[in-house]
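Novice: this one's sequence-less:
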C-alpha cells in the first residue's frame with residue numbers, strides 16, 4: 001500500500017505546544033497511518049457504526065477519521081486568507097464544523 005493511498009489520522013498527544021513540534025503542523029499532533037477505505041465502504045461502515053454502537057462513540061470515530069481532511073483543506077485555504085486568521089483558527093473552525101456534521105448525521109437518510 002502506497003503512502004498516498006493511506007489515510008492519516010491525527011491524535012492529540014498533549015494539550016500544549018512544545019519546542020519539539022514540527023514546523024508547519026499544529027502543535028501537539030502526531031500522525032499514524034490507518035487502513036484504506038473506499039467511499040462506499042466508508043458509508044456502509046458509518047451506517048453500521050451508528051446503528052450498532054453508542055452514537056457518541058461512532059461520532060468520535062468518524063471525527064477522528066476525517067480530521068486529516070480538515071487539515072488538508074486548511075493548508076490549501078491558508079494561501080488565500082489574509083493574516084487575521086491563523087492556521088489554528090481555521091483548524092478550530094473546521095473541526096467544529098466536522099463535529100456539527102457528525103452530530104447531525106442520520107444513518108437512515110441513505111444519502
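Specialist: Sure, I can see it. Bear in mind the structure is a predicted one, so any value in this text is a computation, not a measurement.
Novice: could I get the contacting residues of residue 94?
Specialist: 70, 73-74 (Cβ atoms under 8 Å, 6 or more residues apart in numbering). Every residue, glycine included, has its C-beta placed from N, CA and C.
Novice: which SSE is it in?
Specialist: Using DSSP states H and E, the element containing residue 94 is helix 87-104.
Novice: likewise for residue 56?
Specialist: Per DSSP H and E: helix 55-77 holds residue 56.
Novice: other SSEs contacting that helix?
Specialist: On a contact count with 3 or more Cβ pairs under 8 Å, 6 or more residues apart in numbering; DSSP states H and E, helix 55-77 meets strand 7-12, helix 39-52, helix 87-104.
Novice: weakest of these in terms of mean pLDDT?
Specialist: When the helices and strands packed on helix 55-77 are ranked by mean pLDDT, strand 7-12 comes last with a mean of 33.
Novice: hang on, the earlier thing: list the buried ones in the helix holding residue 94?
Specialist: 87, 90-91, 94-95, 98, 102 (16 or more other Cβ atoms under 10 Å).
Novice: then stretch 65-74?
Specialist: 65-67, 70-71, 74.
Novice: redo those residues as a markdown table? Include distance to residue 81.
Specialist: Output for the buried residues of stretch 65-74, formatted as a markdown table (distance: Cβ to Cβ, whole Å):
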| residue | distance to residue 81 |
| --- | --- |
| 65 | 26 |
| 66 | 21 |
| 67 | 20 |
| 70 | 15 |
| 71 | 15 |
| 74 | 9 |
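Novice: that older thread, okay, the contacts of residue 94 in TSV with distance to residue 57 and pLDDT next?
Specialist: What follows is the contacts of residue 94, written out as TSV (distance: Cβ to Cβ, whole Å; pLDDT from 0 to 100):
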residue	distance to residue 57	pLDDT
70	20	93
73	25	92
74	26	92
